[in-house]
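Engineer: Structure of the sequence below:
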Amino acid sequence: MYYYVRPSMTSDFCEITPAIRQKLHDLQRETGVSPEALIAEGKPKGALPGAQIVRSWMTGYCTHADRRQLERLIAAWKSLPRLEMVKLDESLRGSLRDLIKRSGTPLSTLLRGQDCPVPERLTAAGLRRLLGGYETLVRKDRYDWLVSRLNTVIAERKDIIDLTPERIDALWRERERTGVNPTVLLSIPEDGVPDGLSVAVVFSWFSETTKSARRDHYEFILSLWTSLPPESAQRFGPRIGRVPLTQNIMGQMQALRDKTGLGPAAMLRLAKMHRFDIPRHATPTVLHRYLTGKVKTVEPEVVEFAKRVWTFALENRTPRVSGWMQARRAAKREARAIVRVTITTARRDALIAERARSGVGQSELLKTAQDVPTGLRAGLISAWINGYAQSARKDYYDWVLAQWRDLPNA
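Structural biologist: Numbers count the residues shown, from 1 in each chain. This next block holds a predicted model:
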């Protein structure tokens, strides 16, 4: 939905052409300064338009602008020092793609887990646009950081091995010899497993969705399988440390749940509130499966934890959470009593005209005004102006329009 200020409202309005929008984007990219930061430093206060107004020019939501405000904005951006930029031709872009392929690391992962700080506003989506050729210029500090980060990851890959067919076959042989699947296997070590190793990681090796693995992970799994005698599945049972789910266990848990009125999710919230030690596998889904008998075995630690919390709730007479339906109905009754008005073209144009005249955006208006109505937000005003909302509370609309009308001209 586009909106615009009619040029007839003032003789000093100009059209925001695609060339002007591109110029604003170029200035932001070349200086590294956002509209919000630029306007926050603007002197004197009010000399520049509000940040949301500038954003509406840059996104095309607003098709006309006050010529003086636009000229002051461009002049302020031009007065800032330029960042050093790197032009990405096909050669540089190909080099980056090659480095990323050699690193074997997704773009989102590159931005996490490193000691050096990530350049401001550098995102995985932005990197994809660069590599896809949608952007031809990149800030030099971001380009240098990306190249350095990729080289560091590649250097650390000396401990990464390729999952060749021979290595996968060795795992399959041990798995078939012992009859123990990866889920059971990783539950055997009492001292835990290496950091970053999980059942999902091991299964990804077998499904060949992963082509490489950490050397210590692979060697740990292979040595653990090798240490087991043949046909170990009978010895270890379905899962290490689990016991059969009997009717007695299920009945006790169901009785406690019914007496307290607390389902698994509510019981876990109570446990967190009173700082119980929650077992790693105690989740609403797991407890629901225990209560409904959808599993054959259970973890004794989880069962005892659940019984302990439910008993605590009974002994302390924890009230059952209720009343949400009544509160919802009361809110609906209150909403029906509120007078609303339709956001007609005339009402929308009145807001747009006053905002453009004063040069104050909706966020700034709410920050500087006093006695702002409860529940009124800048996003709500934007919805009126942009045509996303078809109606508004009359007291909200009247208050916003009155506040803008009380402001002096920009």
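Engineer: What pLDDT does the model give residue 1?
Structural biologist: Note for residue 1: predicted pLDDT of 43.
Engineer: Equivalent analysis for residue 84, please.
Structural biologist: For residue 84, the model assigns a pLDDT of 81.
Engineer: next one: residue 112
Structural biologist: 67.
Engineer: pLDDT below threshold where in this protein?
Structural biologist: Applying pLDDT under 70 to the chain picks out residues 1-11, 42-46, 104, 112-116, 120, 156-158, 231-242, 317-336.
Engineer: can you list the domains in it?
Structural biologist: For the chain, the structural domains run 7-78, 87-159, 163-236, 243-315, 329-405, going by automatic domain parsing.
Engineer: could I get those domains as CSV with mean neighbour count?
Structural biologist: For glycine as for every other residue, the C-beta is placed from the backbone atoms N, C-alpha and C. Output for these, formatted as CSV (neighbours: other Cβ atoms under 10 Å):
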stretch, mean neighbour count
domain 7-78, 16
domain 87-159, 14
domain 163-236, 14
domain 243-315, 15
domain 329-405, 15
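Engineer: Please name the residues that touch residue 394.
Structural biologist: Residues counted as contacts of residue 394 (Cβ atoms under 8 Å, 6 or more residues apart in numbering) are 339-341.
Engineer: how far away is it from residue 347?
Structural biologist: The gap separating residue 394 from residue 347 is 11 Å, by Cβ to Cβ, to the nearest Å.
Engineer: Residues in contact with both of these two, list them for me.
Structural biologist: Common neighbours of residue 394 and residue 347, using Cβ under 8 Å, 6+ apart, are residue 341.
Engineer: Show me what the strand or helix carrying residue 93 packs onto, helices and strands only.
Structural biologist: Assigned by DSSP states H and E, residue 93 belongs to helix 90-103. Counting contacts by 3 or more Cβ pairs under 8 Å, 6 or more residues apart in numbering; DSSP states H and E, helix 90-103 packs against helix 107-110, helix 124-131, helix 140-156.
Engineer: can I get those helices in TSV with distance to residue 352?
Structural biologist: Converted to TSV, those look like this (distance: least, Cβ to Cβ, whole Å):
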stretch	distance to residue 352
helix 107-110	39
helix 124-131	31
helix 140-156	37
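Engineer: Out of those, which gets nearest to residue 403?
Structural biologist: Smallest distance to residue 403 across the helices and strands packed on helix 90-103 (Cβ to Cβ): 36.7 Å, for helix 124-131.
Engineer: ok, back up a step: what does the helix holding residue 93 rub up against?
Structural biologist: Taking Cβ under 8 Å, 6+ apart as the rule, helix 90-103 contacts 86, 88, 107, 110, 130-131, 133, 146-147, 150-151, 153-154, 157.
Engineer: Over to stretch 265-280?
Structural biologist: Here stretch 265-280 makes contact (Cβ under 8 Å, 6+ apart) with 257, 260, 262, 282-284, 287, 299, 301-302, 305-306, 308-310, 312-313, 318, 321.
Engineer: Now do residue 184 against residue 349, distance only.
Structural biologist: Distance, residue 184 to residue 349, by Cβ to Cβ: 69 Å.
Engineer: so who does residue 147 touch?
Structural biologist: 96, 99.
Engineer: swap in residue 369?
Structural biologist: Residue 369 touches residue 403, counting by Cβ under 8 Å, 6+ apart.
Engineer: which residue ranges form the strands in this structure?
Structural biologist: Assigned by DSSP state E, the chain shows strands spanning 13-15, 64-66, 85-87, 137-139, 160-162, 212-214, 243-244, 297-298, 340-342, 391-393.
Engineer: JSON lines for those strands, including distance to residue 385?
Structural biologist: JSON lines is the format used below for the strands of the chain (distance: least, Cβ to Cβ, whole Å):
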{"stretch": "strand 13-15", "distance to residue 385": "17"}
{"stretch": "strand 64-66", "distance to residue 385": "14"}
{"stretch": "strand 85-87", "distance to residue 385": "35"}
{"stretch": "strand 137-139", "distance to residue 385": "32"}
{"stretch": "strand 160-162", "distance to residue 385": "53"}
{"stretch": "strand 212-214", "distance to residue 385": "52"}
{"stretch": "strand 243-244", "distance to residue 385": "63"}
{"stretch": "strand 297-298", "distance to residue 385": "57"}
{"stretch": "strand 340-342", "distance to residue 385": "15"}
{"stretch": "strand 391-393", "distance to residue 385": "11"}
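Engineer: Out of the ones you listed, the one nearest residue 196 is which?
Structural biologist: The closest of those to residue 196 is strand 212-214. By Cβ to Cβ, the value is 7.0 Å.
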